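>>> 3D model of this:
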Amino acid sequence: MRKIQYAAMVFACVALFLGSQCVSQNEQPSTLRYTPAPKVSSLTEPAYTQIIAKQMDWEAEVRTSIGTRCDLVSDTLAIEVEWPSKPYEAVGQSLSYAQLLGKQPAILFLQRDQSDRKFVQDRVGKVCDRLAIQIIWYDVPSKKIIQ
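Residues are numbered from 1 along each chain as shown. Prediction:
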C-alpha cells in the first residue's frame with residue numbers, strides 16, 4: 001500500500017506542476033497530437049533497455065528499496081527508458097527512482113525520428129529543465145545514443 005501511495009504522490013505533484021506551468025504563463029496546453037513514426041523495429045522497451053545497458057556499461061532493471069525497478073542506472077543517473085508517446089509518466093518515475101537511489105534523474109527517450117523530439121520538448125521540456133531532469137536520446141534506427 002505504501003508503494004502505491006508514494007507513486008500516487010509523485011504523479012500528483014508532477015500533474016500539479018504541469019498544470020501550473022500552463023496557467024502561470026498564460027499559455028494554453030498544446031493541441032498537437034502525437035503521431036508515432038513508422039516502426040523501424042519490433043523490439044520492445046525492455047529489449048532496448050538491455051541493449052543500451054550493454055552498450056553503455058550501465059545496470060538494467062535495478063530494484064529500489066520499495067521494490068520498484070529503475071530501467072537503467074549509471075554512476076550518477078537513475079534513468080527511466082520510455083517511448084516519446086508517454087513523456088508525462090517518465091517525469092514522475094525518473095524523480096522517484098533518483099530519490100530512492102540517491103542519483104540524478106534522467107529520461108532516455110527511444111527516438112524513431114525527429115518529430116519525436118518536438119513532441120517531447122513541447123510536452124515536458126520546460127518541466128525537465130526546471131526539475132533538473134536530464135533528457136537522453138537513443139536513436140532506434142542506428143541503435144546509438146545521440147545528442
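>>> Check the secondary structure at residue 95 for me.
Secondary structure, DSSP: H, G, I helix; E, B strand; the rest coil: residue 95 is helix.
>>> residue ranges for the helices of the protein, please.
2-24, 45-56, 87-101, 114-130 (DSSP state H).
>>> and the longest one, what's its mean pLDDT?
What it means is helix 2-24. For helix 2-24, the mean pLDDT works out to 50.
>>> again with the last one
In this model, helix 114-130 has an average pLDDT of 92.
>>> how far out from the middle of the chain is it?
10 Å (CA atoms, centre = their mean, to the nearest Å).
>>> Run a quick neighbour tally on the nearest residue to residue 133 once chain neighbours are set aside.
Excluding its sequence neighbours, the residue lying closest to residue 133 (CB to CB, 6 or more residues apart in numbering) is residue 105, at 4.5 Å. The way it works is simple: take the backbone N, C-alpha and C, and place the C-beta from them, glycine included. When counting by other CB atoms under 10 Å, one arrives at 24 neighbours for residue 105.
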